[in-house]
Structure formats: structure tokens, C-alpha cells
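> sequence first, predicted model second:
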Amino acid sequence: MLDWLERLAPDGDPRNAHDAEGPDDSPAHQRSAVLRTSETIPIANGALALGTWQGVFLAEHRFAAHVRSVLVHVSGD
């Protein structure tokens, strides 16, 4: 997936005018527009109810280190 995103929105592409925060600024926005920013995942028997080939992945699209937070909201019985 990361290789595909790099081909879709390459870093340092001269066609990207939005580079106020560096050469990865515009590609990071483009890549994040393709990926989801939230998920709803059922829980069964105390575990994530994911299929055989499913997983939860977090992708960072910037070169510089950033502080990120993950918010988990649990609802139900």
C-alpha cells in the first residue's frame, strides 16, 4: 500500500505548488485524502472482530516526526 501511495503522490513532485511545510506537504495531503481517517470496528468476545486478512494500520505521510493521538470510543452493552 505504501509503495502504491508513493507512486500516486510522489514526494518532491514539481507539479505540487503546495509546499509551505516542505516537499512532502502536498503529497501527504493527497495520500491522506485516499485513506480513511476513522474506523468502526465491532468487538466480539473482547477482541476486534476482523476478518482473516484484515488489520488496523496507521500510516504517517510526513518526513518530520509529528506527535499524533489516537482516540478510541467504545460504545455498547
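Ah, there it is.
> what's the helix or strand for the one residue sitting closest to the centre of the chain?
By C-alpha atoms, centre = their mean, the chain has its centre lying nearest to Ala59, at 4.1 Å. Element membership for Ala59, per DSSP states H and E: none, as it lies in no helix or strand.
> distance of the residue lying closest to it once chain neighbours are set aside from Ala20?
Excluding its sequence neighbours, the residue lying closest to Ala59 (C-beta to C-beta, 6 or more residues apart in numbering) is Leu35, at 6.4 Å. C-betas here are computed from N, CA, C, even on glycine. Here Leu35 is placed at a distance of 22 Å from Ala20 (C-beta to C-beta, to the nearest Å).
> looking only at neighbour counts, state which of the two leads.
Shown here are Leu35 and Ala20; by other C-beta atoms under 10 Å, Leu35 has more neighbours (12 against 7).
> Leu58 versus that one, what's the distance?
10 Å.
> buried stuff in stretch 17-30?
Neighbour counts using 16 or more other C-beta atoms under 10 Å place 24-28, 30 of stretch 17-30 among the buried residues.
> got the end-to-end distance for it?
End-to-end span of stretch 17-30 (C-alpha to C-alpha, to the nearest Å): 12 Å.
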